[in-house]
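Student: Below: sequence and its predicted model.
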Amino acid sequence: MTCPRWLSKLWTTLWTGRSLVGSEVQSRDEQLLDAQHAETTRRARAAMAEVVRAGYQLGPPPYGYRALRIRVTEPAGRGKLRAVLVPDWQTAAVVKQIFRWRADDGLAFVAIAVRLNGDLRQYPPPVPGGRWTAKAVQRIVANVKYTGRQVWARTVAGRPAPVEQWVTSAPKVHEPLVDERVFQRAQPRTGDEPRCA
């Protein structure tokens, strides 16, 4: 049963203390929905940040690791499944080799990809049946998780976020594949073009 329009307007006037026309009602409803959406988003982000700070993995594990599911009891007494990162013996060795070639030998991402593609049995690519690309190598070199930290929110709307806005865990919440010094040496520097050999 639908209510007559005049009764709806009367109810709105009595409820809010002022008369609202159609577009104002819609605008107010949209504002309420927007506020509810913003609050839900804020709560979800806060919960995800808490999970990351506690050292648990969100999403698929990075190349070189696998996710181990563990049951964690929350303060409220409920058990939840969480994922922690553990090294994958074969791909972890590939990650370590990539960092050696980059940090110690100063090789460019393209040169590293060429070396990796030279023996796909020893250096399986991140995509099964695929090949290594300079972009894939660059993503590995830029991933802070290889130092043993969990990190989240490195991008905002698809663009890199400033480091100070990242959500990070304490050091060594999972086994690192490289130490901080090697990680820093492997990062690209402006004006510093690595060798291609």
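Tutor: On my side now, so go ahead.
Student: what are the bridge partners for the most centrally placed residue in the chain, then?
Tutor: Nearest to the mean C-alpha position of the chain, by CA atoms, centre = their mean, lies Trp152 at 4.3 Å. Beta bridges link Trp152 to Val167 when assigned by DSSP bridges.
Student: Show the contacting residues for it.
Tutor: Met48, Ala49, Val52, Leu58, Trp166, Val167, Thr168 (CB atoms under 8 Å, 6 or more residues apart in numbering). Just so you know, the C-beta spots here come from the backbone N, C-alpha and C atoms, and that holds for glycine as well.
Student: Please report phi then psi for the residue nearest to Gln150 when sequence neighbours are not counted.
Tutor: Nearest residue to Gln150, sequence neighbours excluded (CB to CB, 6 or more residues apart in numbering): Ser169, at 3.9 Å. Phi and psi for Ser169, reported as degrees, to the nearest 10, are phi -90, psi -180.
Student: and the nearest residue to Val156 once chain neighbours are set aside, how many neighbours?
Tutor: Counting by CB to CB, 6+ apart, Val156 lies nearest to Gln165, which is 7.5 Å off, once chain neighbours are set aside. Gln165 has 10 neighbouring residues, counting by other CB atoms under 10 Å.
Student: Quick check: buried residues in the helix or strand where Val141 lies?
Tutor: Secondary-structure assignment from DSSP states H and E places Val141 in helix 134-142. Buried residues in helix 134-142, counted by 16 or more other CB atoms under 10 Å: Ala136, Val137, Gln138, Ile140, Val141.
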